[in-house]
Each structure stands twice: as structure tokens, then as C-alpha cells.
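Novice: Sharing a model prediction with you, sequence too.
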Amino acid sequence: MRWSYNRERSTLVASWLFVIALLVFAMVVVGGATRLTGSGLSITQWRPITGALPPLSQAAWQAEFERYRHIPQYMLVNRGMTLDQFKFIYDWEWSHRLLGRLLGVVVFVPLLIFLFTSKLPRRLVWRCWVLLALGGLQGLVGWWMVASGLSVRIAVAPERLATHLGLALIVYGFAIWTGLEAWAGRPHRSDMFLSPGWRFWSSALLALVYLQILMGALVAGAHAGQIYTDWPLMNGRLFPTDYGQGGVIDTFFHSQAAVQFDHRVGASLPFVASIAFAVAVAATYRMSGALKRHAVVLAGAVSCQAALGIITLRYAAPLPLGLAHQALAVLVLTIALSLVWRIRRN
């Protein structure tokens, strides 16, 4: 492949940013596996540098296991776990953190090279620094999330899990958007002919997809995907009898019935909105054929995600279906984000 570069665009920089997005996607999937296997609390210390290596001796493994045996998850859920069983969950969490460290290197080192060689388009410099800062913040938020499950709870707090995933998706989206900008260059004013209304509604649809993913994170954090496995009713009712749990905050974030019901109802919004948007785009003569196809693909992806969500629920969220549901959610977000970008460029 021949790389192209000028002051406005660089396919090399764009490819670097897309690799960053791919690594974030991998982190989201591995993070999902970490959650579904109950592995997220297996490493009880935050050591950004020295923690890059796993335990290398039997004594080191025993020390890690001993620390884990002092947290509520072990004492209340995994009491009697063997060292080999501990190694299994430890390896998932260590892999997740290793990907985070690798991501930091992949962002920071090429960024310095591009800056020193003046290969980074000037208008994208600040965006790349923001991307680096967001990545660092994500590491702190990740530990803040893990810390919530080390003293009182047997799992991380659902709202912190949603925050961690939400920030990861912001990093992901920022890398994708900036990569598209690097690939295409600065837009020509003559190309900006679509009305602001299209930009607003496409952005609103993107926001719905993003919020629905966060609601799904609350379901995952509360382990609510393993109850009320009938559909469209919930234990034979339209509205669960145990929806409320204390105050508003506890209900919205911690009630298993509430977070699952909210996620079910919330799923109907992007489903209906994506179909309506695709129909509206198809009926607009000023829209290009490529944009019309893009809108249809988004509606199809949202529909597939809704169907997969129902199937995942019906089978009580087994690992393969849970990971597929999470991965497809990120793919839907990618399609929605790129549609917004194209509408703003056309």
C-alpha cells in the first residue's frame, strides 16, 4: 500500500488511528469475557508498570491467590477455589490489562514519531493529544471500577462498569472519527449541502445507540441478564413486580428487574428510530446512493442486535452469546458513528 500525506490528510496516520480503534474493540470484547467469567476482581492491586508481567513462580502465584482470598468475592462466592481455578480467572483479567498497556504504547510512541517527523496534519494534533489523555483516564477509571468490588461488594458496582465501558467507547469513537478525518482530509465547503436537520437526527440516533449500550452495561453489572428470561413478558408480566429497590439511584443502577426492563424498553428506541431514519433517507432525493445504503445497513444492524439480545436473554446470557451481543453493539455504534461523519461531510 502506498501511503499518502499532505498537510491536510495522511493515510498512514489514519491507519494508525484505526489500529488504535481495533485494539479498543479487542479490549471491550476481552473485558466482556472478563466480566462474564467473573474474573474482574482476580487482580487486587493496581501496578501499571510492575504488573505487566504475570506471576512467574509458584510462590508469586500463591501470594496473588492469598490476596484474592481476602476479598468478599472469594469469601462469599468462590470459597474453596483451587489455585488452578484462580489462574484461569487471573489470566483473563491480566490479558485485559495487558491490552490496555499495549494500547498506551501504540498511542504514545507513534504519536511522538509523527510529531517529530511532522507527519501529523496540524488540525489533528490536538485530537491525538486528547486521545492519549482519554486513554490514560480510562486506566484510572478501570481501577476505580475494580476498587468498588474489593471491600464490600462481591462484584464491581454496575454504574462504575457502565462508566468504564462508556469511556472506552468514547475513546473508540474518537479514534474512528479522527482516523476518518485523517484519511479524507479537510472537507470542502462546497460539499456541505445537507441541512442541519439531518446532522441533528443522525447524531440523535447515535446517542440512542450509545445510551442503549450503557444500559446494557448496567444489566451486565447487575447480572440481570440471567433472570426474567422470558420475552416479551417478564415472568408473565408486562411490568416486573420487583422493579423498585429503595431509592431512585438504587433502583436505576442496582435493581435487576429495573435495569433489565429499562434495557428492554430502551432497545425499542434505536430500533424504531433507525428504521424511520432509513426510510426518510431513502425518500430524500438529495441523498447519495451510498448514504442511503449506509442508513439501511445501520437499520439492519440494529435489528440484528435486537434479535441477538432476545436470544441471549432467552439462554440466560451464556459466554458466547454475551460476547457476540457486546461485539455487535460496538459494530452498530461504529456504523452509526460513520453515518454521522458521512452526513456531516456530504
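Specialist: Okay, I see it.
Novice: Now the element after the host helix or strand of residue 258, going C-ward?
Specialist: Taking DSSP states H and E as the definition, residue 258 sits inside helix 256-282. Using DSSP H and E, the helix or strand that follows helix 256-282 in sequence is helix 289-314.
Novice: Can you point out the buried residues in that next one?
Specialist: Neighbour counts over helix 289-314 (16 or more other CB atoms under 10 Å) mark 291, 294-296, 298-299, 301-302, 305-306, 308-309, 312-313 as buried. Glycine gets a C-beta too; all of them are placed from N, C-alpha and C.
Novice: any idea which of those residues is closest to residue 246?
Specialist: The shortest gap between residue 246 and any of these belongs to residue 313, at 24.9 Å (CB to CB).
Novice: Which elements pack onto the lowest-mean-pLDDT helix or strand in the chain?
Specialist: The helix or strand of the chain with the poorest confidence is helix 248-254; it has a mean of 88 (mean pLDDT, DSSP states H and E). Helices and strands touching helix 248-254, by 3 or more CB pairs under 8 Å, 6 or more residues apart in numbering; DSSP states H and E, are helix 158-184, helix 256-282.
Novice: Now do the following helix or strand past the first one: distance to the chain's middle.
Specialist: Reading on from helix 158-184 to the C-terminus, the next helix or strand found by DSSP H and E is helix 196-221. Chain-centre distance of helix 196-221: 12 Å, with CA atoms, centre = their mean, to the nearest Å.
Novice: Equivalent analysis for stretch 280-288, please.
Specialist: Distance of stretch 280-288 from its chain centroid, counting by CA atoms, centre = their mean, is 31 Å.
Novice: Kindly export that stretch (C-alpha atoms) in CSV.
Specialist: Below are the C-alpha coordinates for stretch 280-288, written out as CSV (Å, rounded to 0.1, in the frame of the first residue of the first chain):
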residue,chain,number,x,y,z
ALA,A,280,-36.6,9.1,5.5
VAL,A,281,-33.1,9.0,3.9
ALA,A,282,-34.3,6.7,1.1
ALA,A,283,-37.1,9.1,0.3
THR,A,284,-34.8,12.1,0.1
TYR,A,285,-33.6,12.8,-3.5
ARG,A,286,-30.6,14.8,-2.4
MET,A,287,-29.1,11.9,-0.5
SER,A,288,-26.5,9.9,-2.4
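Novice: Show me what counts as buried in it.
Specialist: Of all the residues in stretch 280-288, those buried under the rule 16+ other CB under 10 Å are 281, 287.
Novice: With stretch 264-274 instead?
Specialist: Under 16+ other CB under 10 Å, the buried positions of stretch 264-274 are 264, 266-267, 270-271, 273-274.
Novice: same check, this time on stretch 142-157
Specialist: Applying 16+ other CB under 10 Å to stretch 142-157 flags 142, 145-146, 148-150, 155-157 as buried.
Novice: May I have the phi/psi pair for residue 237?
Specialist: Backbone torsions of residue 237, given as degrees, to the nearest 10, read phi -120, psi 150.
Novice: Could you measure from residue 224 over to residue 317?
Specialist: Computed as CB to CB, to the nearest Å, the residue 224 to residue 317 distance reads 9 Å.
Novice: Same question for residue 147.
Specialist: Residue 147 is 25 Å from residue 317, by CB to CB.
Novice: how about low-confidence regions in the chain?
Specialist: 1-7, 188-194 (pLDDT under 70).
Novice: list the contacts for residue 67?
Specialist: 44-45 (CB atoms under 8 Å, 6 or more residues apart in numbering).
Novice: does it sit in a helix, a strand or a coil?
Specialist: Three-state call for residue 67 (DSSP: H, G, I helix; E, B strand; the rest coil): helix.
Novice: distance between the strand or helix carrying residue 126 and the chain's centre?
Specialist: Per DSSP H and E, residue 126 falls inside helix 122-147. Offset of helix 122-147 from its chain centre (CA atoms, centre = their mean): 14 Å.
Novice: I'd like the distance between residue 21 and residue 97.
Specialist: 19 Å.
Novice: should've said residue 59
Specialist: Residue 59 is 21 Å from residue 97, by CB to CB.
Novice: Could you give the number of residues near residue 83?
Specialist: 12 (other CB atoms under 10 Å).
Novice: Which residues are in contact with it?
Specialist: 61-62, 65.
Novice: again with residue 337
Specialist: So residue 337 contacts 173, 176-177, 206 (CB under 8 Å, 6+ apart).
Novice: Pick out the most distant pair among the residues you listed.
Specialist: Every pair of those checked by CB to CB; the farthest is 176 and 206, at 11.6 Å.
Novice: picking that back up, residue 224 and residue 317: which is more packed in?
Specialist: For the pair residue 224 and residue 317, the greater number of neighbours falls to residue 224 (24 against 21), based on other CB under 10 Å.
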